[in-house]
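[1] I need the structure of the sequence given here:
(one chain, ligands or ions: 2)
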Amino acid sequence: MAGKNSFRNHSERKLLVLVDMDQVLCDFEMRLLQEFQSRHPNDPFIPLEERRTFYARDQYAKIRADLADNIRDIYNSEGFFRDLPEIPGACDAMKELKEMEGVDVFICSSPLTSYEFCLKEKFQWIEEHLGQEWLDKIILTKDKTVANGHVLIDDRPNIKGAIRKPIWEHVVFTACHNVHSDIRGKRRLDNWTDGSWRDLILDLQMRV
Ligand SMILES: O=c1ccn([C@@H]2O[C@H](COP(=O)(O)O)[C@@H](O)[C@H]2O)c(=O)[nH]1
Ligand SMILES: [Mg+2]
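    Ligands and ions are numbered 1, 2, ... in the order given. From the prediction side, this is the model:
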C-alpha cells in the first residue's frame, strides 16, 4: 500500500505547468502584421504598440469591415501557423522546464474553429521547434478552463469557459494587446529571456 500512496503523493507534488502557444511560444501578432502589410500595402494597419483587443480582427473591424476579413483570411491561410516565428527564448525555456525536477509541462492551445491548416500546423510547429517528444505534451482545447494544471501561462487576459473558477492560476504573458489591460491581481510574466520565469516556477513549486 505504501507504494500506491507514495506514488499518489509524488505526482501531487509535481508542479503541472500549462503553456499557451500563440503569443507565448510563437509570435502570431508580428507575423499577422507583416503579412497584412505585404498583402495590403495601401490599407491602414495597426502598429503592434497600438493593438488593444485580444482578437486583432475586432480592432481592424473598427476601422473597416473588409480589413477584418483580410485579417481572418491571413490566419486561415496555409502556412500561417507553421511559419510563426518563436517568441524569443520560449523554446529554450520550455526545454529547461521539461527537465526540471518536480515539474511537468504541457502546451495548452486553442485551435481556430477553421481548423483546416491550423491543427496540423500547430503540431508541425511544435515538432520543428521543440522536437518530436513534445507531440505527447499537447492539449488542444477551445475551453482551457477544463484543463487540469497548477498554472496556465497565457496572453489572453480573460479566459472564460465552462468552469467559472478554473483550478489553475492564470499568469498573464505580456503581449502587445494586453500591456494596458486590467489583469485584476493576476501575476504577469513579461518574457522568456530575463530569467524571471525561473523565479515564478520556484515560487509556484513552494505552494504545491
Ligand atoms: O486575432 C486573433 C488572435 C488569435 N486568434 C486565435 O485565437 C486562438 C487563441 O489561441 P490561444 O491558445 O489562446 O493563444 C487561436 O486559435 C488563435 O489563432 C484569432 O482567431 N484571432
Ligand atoms: Mg495566446
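[2] Quick one: the helices in this protein, in order.
    Ranges of helices within the chain are 2-13, 28-39, 56-63, 65-75, 90-99, 115-129, 196-207, based on DSSP state H.
[3] what's the fourth one packed up against?
    This points to helix 65-75. Here helix 65-75 touches helix 28-39, helix 56-63, going by 3 or more CB pairs under 8 Å, 6 or more residues apart in numbering; DSSP states H and E. Where you see a C-beta, it was placed from the backbone N, CA and C, and this is true even at glycine.
[4] Specify the angle between that helix and helix 115-129 in degrees.
    50 degrees (axes from the mean of the first three to the mean of the last three CA atoms, to 10 degrees).
[5] Show me what from this structure comes close to ligand 2.
    Within the chain, the positions adjacent to ligand 2 are 20, 22, 23, 155 by CB under 5 Å from the ion.
[6] rerun that using 8 Å as the cut-off
    Contact residues (CB under 8 Å from the ion) of the chain with ligand 2: 20-24, 28, 109-110, 154-156, 173, 175.
[7] Rebuild those residues as TSV, extending it with neighbour count and pLDDT.
    Output for the residues of the chain next to ligand 2, formatted as TSV (neighbours: other CB atoms under 10 Å; pLDDT from 0 to 100):
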residue	neighbour count	pLDDT
20	21	99
21	24	98
22	24	98
23	22	98
24	26	99
28	21	98
109	24	98
110	19	98
154	26	98
155	22	98
156	22	98
173	24	98
175	24	98
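[8] sorry, back to before: rebuild the helices of the chain as CSV, extending it with distance to residue 163.
    As requested, the helices of the chain are arranged in CSV below (distance: least, CB to CB, whole Å):
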stretch, distance to residue 163
helix 2-13, 20
helix 28-39, 25
helix 56-63, 25
helix 65-75, 27
helix 90-99, 24
helix 115-129, 23
helix 196-207, 20
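[9] To ligand 1, which of the ones you listed lies closest?
    helix 56-63 (3.5 Å; CB to the nearest ligand atom).
[10] That closest one and ligand 1 in contact?
    Yes - using CB under 6 Å from any ligand atom, helix 56-63 reaches ligand 1 at 56, 57.
[11] Could you number the chain from 54 rather than 1 from now on?
    Happy to do that; since the first residue is 54 now, the last one works out to helix 109-116.
[12] Could you list every helix and strand that that helix packs against?
    Helices and strands touching helix 109-116, as assessed by 3+ CB pairs under 8 Å, 6+ apart, comprise helix 118-128.
[13] who's the nearest residue to residue 74 once chain neighbours are set aside bridged to?
    Nearest non-adjacent residue to residue 74, counting by CB to CB, 6 or more residues apart in numbering: residue 162, 3.8 Å away. With DSSP bridges as the criterion, residue 162 is bridged to residue 193.
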